[in-house]
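Engineer: coordinates only, sequence not included:
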């Protein structure tokens, strides 16, 4: 029991804070898990592809230890075997005495899992692994048997000792490494294992341990309010209460800001205290890594800082901001709270954040005050890096104070300083509008400084929370536009309802009246769309700045090294190229090419050329306006060039939309026409796939099951539909996408449905387009196998399946994915791989690669004539 004055003071102290979770999932554990898996893959790769190096290493070790006395080897083995068992038990007893049984439970679980992984690896190496890996991980004993590839007892011990945290305690760490080295020396010199086996064993134990810790979570060692009060007392304060501020971060970007407390003292004003621990330091790790990898020219703090580095950085920025003349929280004390947390003590500010202020309280003077603080920081080259609403505080007197300086920078570059201006412009414009935000900035910073920030006024340069808000506003803006179009369409329907009767009474006059009413309906829709169309917030800010500086540069600066779509394309292309190259390498095509019948190749060329008029028909069938047919054909040829530099599902849509706009179709109607064509194309694709799949299934060929394939496909589609319907998130996602698709397309579809000739042209073009590609593929197959037994229905299923996959894969023209899918599908259908591979290459040569040159010529010609 505590006694004396200090004890009575402690008894009077109380803390109030939300309950902390018992376990936390540390990103650092996940990183170590991934590093361990990568290490295992690298070791196995070296063993498989550098067999000479592995054998040489084993020989060198055997030669160097060959003179070791046998008695010493046996003694080392005996001592290490006993120590490997005693050491974990001793540590467990120590932890249990200190009532830390959860760590022991984690260690036991990790040991069991490591043992299972070791057994699975042993089975794989002995049964299915390549010979080079088996030779690198095993060694023949005196009786001719092979040693275990993974040590069945060492991997669990390593997993246990890692999971319980022995490596973080110096004395236990020394004992751990001594035992491991002694045991490894004994089994290696005694020719009971190989160097690669020891490395794989250690990596498996280490990896499984961190995988277990990340899966079940590590015990939460975050300091509580009582620990905080004790730390404050240690640095000379006399706290009474500590109230936790309910400031739960809403994103990984804010997750490392620390926990905040309002502390009252026995004598003196209250304090604002921020506590930062290791778990919070690791929050947002992957987001920061991604920003470092993808953004160029922007200094980012290291993905994971030590607690002392974080403490020193925040203290330095706090002192530097005040020295620069900015209003910032005054740091008065810092201290560690044990090995896993630190605290920073500030003078209490009071006041409210910008986010919590009502709109009427955000005055022009308040915004000018915020810009004055930024100007003071930038005068000393200090960047805040997070000028969002909850980092701007307004006290009772209206004074603006900048908080959350932890992510800032000293001696920041021009790009980062301009990013701060762009961020604050957006933050204030979200609350007060673009005009007032720009006016306040120009009054304080001057027009040149504000204009210089325009190239940085782009979503990637803004904070994560700001980007989320802008996306939400964009969705709301699109919803208002869709509702305006639908309302205008519904309002125009009564006028069109009388069209059939009028046409029957007087055919000639009826057609004129119908055209006039349809024109009036389109005009009403366009007018409603123009009224509902709004500029996004960043565009509004640019326009306001350009009114002041018309010559300002507005072209967005290139900040990204690599975009997510590019990264996905590279990865998908690499996998597809690997599959295609391995398929081609495994099949000798020289004989098939030598015996090819090139007359069928000429037929394939004709069908490939026929696909361009068919594509023009499929587009023009959904464009009520008059557009020249052969110019449209030329635009489809130009699309062959565009597909080389953009995914097929994106490049064609953009090119057709641009072409229709140049042909005199209004932008909204051009987008709707292309959307209607895509929608009908999707429906036709699915319908043809089901029809040809059913026909193929009923042909009773020995290669494809007659009914099971169709039934399985239908059941799969039904299950997916049920899952989408049952899961609210998926249901909302699908409904939103379908609604956005139909909102602009439905009025255009009504135009087309009233012109049966146009509808027939569009649907006929789609069917002709599919038939052209199917016949081209069939002719390519017959060029190498004139007696092919594949039916047209089977080839159609193969083409439709591969085409869908090529549209889904984000590589230009589906390169790699289409070829691999076609070869695999034709092989499943019963075509020999030696025939399927050259046939697919010929088909892709005629439909994708050869049209690139005429596509480039058509693209340039249409561009010069301003028809594209």
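Structural biologist: Received the coordinates, thanks. Every value quoted in this text rests on a predicted model; they were computed, and no experiment measured them.

Engineer: Please give me every residue in contact with the closest residue in space to residue 40 that isn't next to it in sequence.
Structural biologist: In space, not counting the residues next to it along the chain, residue 40 is nearest to residue 203; the distance is 4.9 Å by CB to CB, 6 or more residues apart in numbering. In this view, the C-beta of every residue, glycine as well, is placed from N, C-alpha and C. Contact criterion CB atoms under 8 Å, 6 or more residues apart in numbering gives 36, 39, 40, 43 as the residues in contact with residue 203.

Engineer: Kindly indicate which of these lies nearest residue 406.
Structural biologist: Here the nearest of those to residue 406, counting by CB to CB, is residue 36; it sits at 30.9 Å.

Engineer: wait, isn't the closest one in contact with residue 210?
Structural biologist: Yes - under the criterion of CB atoms under 8 Å, residue 36 is in contact with residue 210, at a separation of 6.5 Å.

Engineer: Among the two, which residue is more densely surrounded?
Structural biologist: The residue with the greater number of neighbours, taking residue 36 and residue 210 and applying other CB atoms under 10 Å, is residue 210; the counts read 25 against 20.

Engineer: List the buried residues in the helix or strand hosting the more buried one.
Structural biologist: Counting by DSSP states H and E, the secondary-structure element that holds residue 210 is helix 195-216. Buried residues in helix 195-216, counted by 16 or more other CB atoms under 10 Å: 195-214.

Engineer: just to revisit the earlier point, can you flag which of the contacts of residue 203 belong to helices?
Structural biologist: The helices, defined by DSSP state H, take in 36, 39, 40, 43 from those.

Engineer: quick one: low-confidence parts of the stretch 301-450 of the chain?
Structural biologist: For the stretch 301-450 of the chain, applying pLDDT under 70 flags the ranges 301-305.

Engineer: all strands of it, in order?
Structural biologist: 331-336, 341-347, 352-353, 392-394, 400-402 (DSSP state E, counting those that start in this stretch).

Engineer: What's the end-to-end length of stretch 616-632?
Structural biologist: Across its full length, stretch 616-632 reaches 6 Å end to end, with CA to CA, to the nearest Å as the criterion.

Engineer: do the same with stretch 386-395
Structural biologist: From its first residue to its last, stretch 386-395 covers 19 Å (CA to CA).

Engineer: what about the closest residue to residue 379 other than its chain neighbours, distance to residue 413?
Structural biologist: Nearest non-adjacent residue to residue 379, counting by CB to CB, 6+ apart: residue 324, 6.3 Å away. Distance of residue 324 to residue 413, computed by CB to CB, to the nearest Å: 17 Å.

Engineer: and if you look at residue 844?
Structural biologist: As defined by CB to CB, residue 844 lies at a distance of 47 Å from residue 413.

Engineer: Show me the helices in the stretch 151-300 of the chain, by range?
Structural biologist: Across the stretch 151-300 of the chain, reading from the start of the chain, the helices by DSSP state H, counting those that start in this stretch fall at 154-163, 170-189, 195-216, 225-234, 278-282, 285-294.

Engineer: tell me the angle the third one makes with helix 154-163.
Structural biologist: Same thing as helix 195-216. Going by axes from the mean of the first three to the mean of the last three CA atoms, to 10 degrees, helix 195-216 is angled at 40 degrees with respect to helix 154-163.
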